[in-house]
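A.B. asks: Okay, here's the prediction I keep looking at, along with the sequence it came from:
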Amino acid sequence: MRITVFKSPKHKRFEYTPRYYDPAQELREERERRIRRELENESGEKGGDYQPISVGELRHNLKFRRPPRMKEQKGGILLRVITLVLALLVAFLVLYGTWVLVRTI
């Protein structure tokens, strides 16, 4: 039997609980909740200040939620190309200048 002064740590177990996300189900549940609130408002069961969202307001909100990725990518690519061309031009001028200096000496 092995005698030690310090306790050795026990093995740690990896416990992964998978999660499932269904965006269609989430939209369906949100629609059901909205319909229930509208029906409660119409029947007068609960007094609330709920107002349904209009189609124009919904489109407006969805339009601003999307990130403008294409504009960022185009600008980034253009900047990279310009930087690369300038770096190659400077490298060419430096190498050509040293070659001309060596040849004249």
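C.D. replies: Sure thing, it's come through. Numbering: from 1, shown residues only.

A.B. asks: helix or strand right after the worst-scoring helix or strand of the chain on mean pLDDT?
C.D. replies: Ranking every helix and strand in the chain by mean pLDDT, DSSP states H and E puts helix 55-65 at the bottom, with a mean of 68. Next helix or strand after helix 55-65 toward the C-terminus (DSSP states H and E): helix 69-104.

A.B. asks: residue ranges with poor pLDDT in the protein?
C.D. replies: Filtered on pLDDT under 70, the chain yields the residue ranges 1-2, 44-52, 60-75.

A.B. asks: at 90 instead, please
C.D. replies: Along the chain, the parts satisfying pLDDT under 90 run over 1-26, 37-81, 96-105.

A.B. asks: Now residue 20. Its backbone dihedrals?
C.D. replies: phi -120, psi 130 (degrees, to the nearest 10).

A.B. asks: how near is it to residue 54?
C.D. replies: Counting by C-beta to C-beta, to the nearest Å, the gap from residue 20 to residue 54 is 33 Å. Just so you know, the C-beta spots here come from the backbone N, C-alpha and C atoms, and that holds for glycine as well.

A.B. asks: Then residue 38?
C.D. replies: Noted for residue 38: a distance of 13 Å to residue 54, by C-beta to C-beta.

A.B. asks: now residue 33
C.D. replies: Taken as C-beta to C-beta, the span from residue 33 to residue 54 is 18 Å.

A.B. asks: burial measure for residue 41, as a count.
C.D. replies: Look at residue 41: counted by other C-beta atoms under 10 Å, it has 16 neighbours.

A.B. asks: what's the helix or strand where it lies packed up against?
C.D. replies: Element membership for residue 41 (DSSP H and E) is helix 23-43. Packing contacts for helix 23-43, counted by 3 or more C-beta pairs under 8 Å, 6 or more residues apart in numbering; DSSP states H and E, involve no helix or strand.
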